[in-house]
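**Q** Curious how this folds, go ahead:
(one chain, ligands or ions: 1)
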Amino acid sequence: MAFFQALPQVPAMPPGQNDQNAWNMAFQNGWIVDKNQPLTHLSFPDKVQMSPPCDKGKAFTFSRRMVACPLTRNGPPGSVPDGKADWWVNYFNVNTLGYAKRAWVQGHLLNHNVHGPGVAENLVPITDALNRIMEKWAESVIKAEVDKGRILFYEVTVHWLAGSPSSAIHDWIGGAQRHANDMCKNLDGHKTGECMAPTSLSWSAFEIAWDGKQWVKGLPLVFRGLQGIENFSYSNSFNQ
Ligand SMILES: [Zn+2]
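**A** Alright, predicted model coming up:
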């Protein structure tokens, strides 16, 4: 004997938001906080590959960009990093690798407090210092706005800029490998694979609204002070 519960109405939303099955699953899993808001949609549109010159023959894929659009109160709970990313296991997990010159962490691109999963696609190797700064300057602001019921576009971009002239910033695919090569050569006391850690992260967000046909851009979210920050191991190394 099956019991059927009435399905909640899906708000009129863009493709992917009208998926009754996805909505029903989210509803039954308790992911819907506000029935008038759409489901959070997360994507990782840009990827880069890097081969660390200090460990020949290996190649690693990183997300270069995270886009949460829309980012709302509705969505699965986030999770802490699962520790399974190949770059983490091989090079950055200082606890198991037995050295801790730099305190690396698996930094979320979309924070676990706003639906960010702790899987490789949503993680990059950053220092604990950068992670804390990002929590304070970006993620806490984003979470507060989402909790208020705002619907956001939120984007985080990862930069690998060592070895590239600033004029080549648009060539982010080639730039990632140049970065690894340059860091491997020039980063003092560098441990195997650390040359793949990014130079910096940047973030931006604005409010969006559904006009019946498409998302339209609203007011930008103003972050006090910081909208991007360097990965401190590198700034420290270069300043020594
Ligand atoms: Zn290296």
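
**Q** pLDDT score for T199?
**A** T199 is assigned 90 on the pLDDT scale.

**Q** Could you verify my assumption that it touches S166?
**A** No - between T199 and S166 there is no contact under Cβ atoms under 8 Å: 11.8 Å. The way it works is simple: take the backbone N, C-alpha and C, and place the C-beta from them, glycine included.

**Q** Near the ion, which residues of the chain are found?
**A** Proximity of the chain to the ion (Cβ under 5 Å from the ion) is limited to residues P52, C54, C184, C195.

**Q** Any chance of those in CSV with secondary structure and neighbour count as columns?
**A** Below are these laid out as CSV (DSSP: H, G, I helix; E, B strand; the rest coil; neighbours: other Cβ atoms under 10 Å):
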residue, secondary structure, neighbour count
P52, coil, 23
C54, coil, 18
C184, helix, 20
C195, helix, 26
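
**Q** so which of the residues you listed comes closest to M134?
**A** Within the residues of the chain next to the ion, the smallest distance to M134 is 21.5 Å, found for C195 (Cβ to Cβ).

**Q** what separates the closest one from A129, distance-wise?
**A** Separation of C195 from A129 (Cβ to Cβ, to the nearest Å): 19 Å.

**Q** more crowded one of T199 and S166?
**A** Counted by other Cβ atoms under 10 Å, T199 and S166 do not tie: T199 has more neighbours, with 18 against 6.

**Q** Leaving out the residues flanking it, which one is nearest to the more buried one?
**A** Excluding its sequence neighbours, the residue lying closest to T199 (Cβ to Cβ, 6 or more residues apart in numbering) is L161, at 4.4 Å.

**Q** tell me which element the one you found is part of?
**A** Of the helices and strands defined by DSSP states H and E, none includes L161.

**Q** in the protein, which helix or strand is least confident?
**A** Sorting the helices and strands of the chain by mean pLDDT, DSSP states H and E puts helix 232-239 at the bottom, at a mean of 47.

**Q** So the residue nearest to T199 is in contact with H179, correct?
**A** Yes - contact status for L161 versus H179: in contact at 6.3 Å, counting by Cβ under 8 Å.

**Q** Is L109 in contact with A120, as I believe?
**A** No - counting by Cβ under 8 Å, L109 does not reach A120; the two are 10.8 Å apart.

**Q** Backbone dihedrals for the nearest residue to C69 once chain neighbours are set aside, please?
**A** The shortest distance from C69 to any non-neighbouring residue, by Cβ to Cβ, 6+ apart, is to F153 (4.5 Å). Dihedral angles of F153 (phi, psi; degrees, to the nearest 10) stand at phi -100, psi 130.

**Q** Done for today, thanks.
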